[in-house]
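> This is a predicted model, with the sequence first.
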Amino acid sequence: MDPFSAWIEATRISTVMRNTTWLWPACESIHFIGLALLIGGAGYFDLRLLGFMRRVPVAAAKAFMPWAITGFAMNFVTGTMFFVMAPHMYVLSAAWWAKVFFIVVAGLNAMFFETTLGTRVMLLGPNEKTPTSFKIVGAVSLFAWFAVLFFGRMLPYIGTGN
Amino acid sequence: MGPFLHALQNSAFSAWVVGSDTIWAYPMILTMHTVGLGIVVGAAVIIDLRLLGVGPGIPLEEVNRVFPIFWVGFFINLVSGVMLFVSEAEDKAAQPVFLVKLLLIAIGVVITGRIRRRLFGGGSPSMRAASSGRTLAFTSLVVWGGAIVAGRLMAYLK
């Protein structure tokens, strides 16, 4: 095992969590509910950016974003708990690094949107065509979140380093 | 039923799903099931939250556009779910938490259908119809959450 993983695993918090029966399945259940909130909320907004459901004002489609962020927060917390409980399983997994990569892509994409295009969103009324830049942001977001889901679920099966 | 489930579980298809050493069998089917989960429950969440008052700027008529997305996710999970079931038919059919999951999905589908009829059954959807659908929407959220938990616990409550 690499020194970093060995160190995390030896910490008291990691040991206590590992020895708590049902903590892992409970966190998994929360992780999957968070996934649905995130895909639902972010996916809906992404589809609107892509030009679907044009009668919905873009600003209104954003209403589910706090729920998507809640889902992300649930998954960030439970995901961190998984990592602390079994760090070597993740550090050595190519699928996990791919998952982290796509989380970063989705995050940077959202940040780019908020800092550059976001203010233009409010000015866009219903039935108006979304500019190509919006479509690209929506497509990248949708692809990245499904890639996160894909590599997360494939984690036990690909690139486990053994 | 017993011999039938036994035959399913011991079929060549099942041997391929659970036994073959490729990520294109069990891992990919399982992953498709999770992709479908995100779509079907994600769509249900949007419909339910809108009925519960989130996103008042979204015209109610436009909620109608979310139902096909729900059914796409449902179809992905019906197909992938049947494949996963067949490969372990005997074991899954005897697993109480699996039956709980199926029951919750059935309730969820019925509720989603009812919400649709209530909103779009007669003429244009009104906020009155939407607010009387609040109980349905709230129940739907609880039921889909329960289905997810039951599905996840299938790996633990054998």
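Sure thing, it's come through. Numbering: from 1, shown residues only, chains lettered A, B, ... in the order given.
> Who are the contact partners of B:V100?
Contacts were defined as C-beta atoms under 8 Å, 6 or more residues apart in numbering or on different chains; by that measure B:V100 touches B:146, B:150. The way it works is simple: take the backbone N, C-alpha and C, and place the C-beta from them, glycine included.
> residue with max distance from the center of chain A?
Note on chain A: the largest C-alpha distance from the chain mean falls to A:N127, namely 29.5 Å (C-alpha atoms, centre = their mean).
> what does chain B put close to chain A?
Residues of chain B lying near chain A by C-beta under 8 Å from any C-beta of the partner chain: B:23, B:27, B:30-31, B:34-35, B:37-39, B:41-46, B:49, B:54-59, B:61-62, B:65-66, B:144-145, B:148-149, B:151-153, B:155-156.
> any idea which element the residue farthest from the centre of chain A lies in?
Under the assignment given by DSSP states H and E, A:N127 is not contained in any helix or strand.
> for A:I103, same thing?
Counting by DSSP H and E, A:I103 is found in helix A:94-112.
> Let's see that helix as PDB, backbone CA atoms only.
The C-alpha trace of helix A:94-112 is given here as PDB (Å, rounded to 0.1, in the frame of the first residue of the first chain):
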ATOM      1  CA  ALA A  94      -8.000   4.400 -12.800                       C
ATOM      2  CA  ALA A  95     -11.800   4.700 -12.800                       C
ATOM      3  CA  TRP A  96     -11.600   6.800  -9.600                       C
ATOM      4  CA  TRP A  97      -9.100   9.200 -11.200                       C
ATOM      5  CA  ALA A  98     -11.300   9.400 -14.300                       C
ATOM      6  CA  LYS A  99     -14.300  10.200 -12.000                       C
ATOM      7  CA  VAL A 100     -12.400  12.900 -10.200                       C
ATOM      8  CA  PHE A 101     -11.200  14.300 -13.600                       C
ATOM      9  CA  PHE A 102     -14.800  14.600 -14.800                       C
ATOM     10  CA  ILE A 103     -15.900  16.200 -11.500                       C
ATOM     11  CA  VAL A 104     -13.300  18.900 -12.100                       C
ATOM     12  CA  VAL A 105     -14.400  19.300 -15.700                       C
ATOM     13  CA  ALA A 106     -18.000  19.700 -14.600                       C
ATOM     14  CA  GLY A 107     -16.900  22.200 -11.900                       C
ATOM     15  CA  LEU A 108     -14.800  24.300 -14.100                       C
ATOM     16  CA  ASN A 109     -17.500  24.300 -16.800                       C
ATOM     17  CA  ALA A 110     -20.100  25.500 -14.200                       C
ATOM     18  CA  MET A 111     -17.600  28.200 -12.900                       C
ATOM     19  CA  PHE A 112     -17.000  29.400 -16.500                       C
END
